[in-house]
Each structure stands twice: as structure tokens, then as C-alpha cells.
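Student: Generate coordinates for the sequence data below:
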Amino acid sequence: MNAVVQLEHDFDHIIEAIAGPGIGIFPDFIDAERVAALRHDLATLPPWELTPAAIGREQHQQTNERIRSDKTRWIEGDTQVQRYYLALMASLRQTLNRQLFMGLKDYECHYALYQIGDFYKKHLDAFRGRSNRRLTTVLYLNDDWQAGDGGELLVYPFQHKTVLHRIMPKAGTLVCFLSEDFPHEVLPATRDRLSIAGWFRIDDPVAPSLLL
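Tutor: Here you go, the predicted structure:
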């Protein structure tokens, strides 16, 4: 597979969504072949490389299975398809900075494996003035996901309890939203649920926070 990102990739719909409501859902963001390659890349990781996900940052990180029970592995470009995905996100970052002047400096992401019954309680990815995360992305890798499989992402308006979006984790769908503005949670599923969670960041100092 060619890891070179096609520069003509259309990010216009993402720009419009972030400039407008601050959130967008984009089915078929990545073609089926590359989604399958990412899914295979995750599936072939040695089991010990997938570790219980933590909350908090740096020295304040801790695991808490009452809040989240998934397993993660940071993506660092170890394989061709990882390098493809990181390059694609780098291209998106450049476009966001050029058109929306967001000042995004880098991008971090990890694979996330939610096994049967795993969940992530309602949380924010960043608290205002206390995090350098500005934009969250989630890419789903699940083949032939059905409504009865569960595992939906519920997204809420800031400081509201009504669900704004209920998103099925279908393969190739990208969700992108402002990290400080949209609380969200992951519901338990009846089969393994695979995704890539990522964050575009700025250079601001980071103060400790618990639910990242």
C-alpha cells in the first residue's frame, strides 16, 4: 500500500463543520482498503502492547475501570498504514491552520480496543484553560457493524443532558469535534469495537485534569 497521502483529499466538509457547529460526522472518510489495513494492524499487535487506558495526563495518569475499561496503544508510525494515517492527519492539521487559524502544533492518536461490555463514561477531552488539546478525532475500523451491536458514541451539547448525536461506529466513519465543547461517552458493545482516537494540540501549558 502506498503510504503517500493524496494531497487532493477533500477536507472542505470538515472545515465547514468545525467553523460552524464545531462537530462533524463523515462516513467513508477513508477507503475500505485502508480501513481494513488499519484494522489488521491493530488485530496483529502483541496482546501485551494493548494496555488498560488511563485518565489524566503525565504524572497524574491513573486507571479507573469505573470510568473507562478499554485498552489502547499509541500510534507512532511503526507500520506503513500507521504512517499513512499520521500523514493524513498532518495534512488535515495544515488545512485547519491555513483556513481556520487554529494554531495546531501536533497530533497524537492511539488505537482503542473495546472488548465486549467495555465502556467509557461521559467525559470531556479537554477543560477550558487546562489542556492543550483543541480538536478530537475518532476513526472507526469496525467491519459490518449493525445497530444491535451497540457501542455507539453519544455526544452531548456543552452543559446539557440531551444527546446531540448518537453515532454508530461503522468502518471508515470519522468524527471530529472541538475537544472543550462536547462531552461524550462510549456505550458497551456486544462484539469487539475498534477505533483510532486522536487529538490535535496547541503549545499552551497543560495543567492537570482528570477526564481526558
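Student: The nearest residue to W74 once chain neighbours are set aside and P47: what is the separation?
Tutor: Nearest non-adjacent residue to W74, counting by Cβ to Cβ, 6 or more residues apart in numbering: H110, 4.6 Å away. Where C-beta positions appear, they are placed from N, C-alpha and C, glycine not excepted. As judged by Cβ to Cβ, to the nearest Å, H110 and P47 stand 16 Å apart.
Student: Those two - which one has more neighbours?
Tutor: H110 (19 against 7; other Cβ atoms under 10 Å).
Student: you'd agree the more buried one is in a strand?
Tutor: Yes: under DSSP: H, G, I helix; E, B strand; the rest coil, H110 falls within a strand.
Student: residues in contact with it?
Tutor: Going by Cβ atoms under 8 Å, 6 or more residues apart in numbering, H110 touches T72, R73, W74, I75, I196, A197, G198.
Student: Give me the sheet partners of the worst-scoring helix or strand of the chain on mean pLDDT and which way each runs.
Tutor: In the chain, no helix or strand scores lower on mean pLDDT, DSSP states H and E than strand 51-52, which sits at a mean of 90. Paired neighbours of strand 51-52 in the sheet (DSSP bridges): strand 71-74 (antiparallel).
Student: buried ones in the partner strand?
Tutor: K71, T72, R73 (16 or more other Cβ atoms under 10 Å).
Student: and which of those residues is nearest to A19?
Tutor: Comparing the buried residues of strand 71-74 against A19 with Cβ to Cβ places T72 closest, at 30.0 Å.
Student: Enumerate every residue touching the closest one.
Tutor: L50, T51, A53, H110, Y111, A112, L113, A197.
Student: what's the answer for V163, then?
Tutor: Residues counted as contacts of V163 (Cβ under 8 Å, 6+ apart) are L154, V155, Y156.
Student: Show only the entries of those residues found in strands.
Tutor: Of these, the ones assigned to strands by DSSP state E are L154, V155.
Student: what about burial for the contacts of V163, which qualify?
Tutor: Of the contacts of V163, these count as buried by 16+ other Cβ under 10 Å: V155, Y156.
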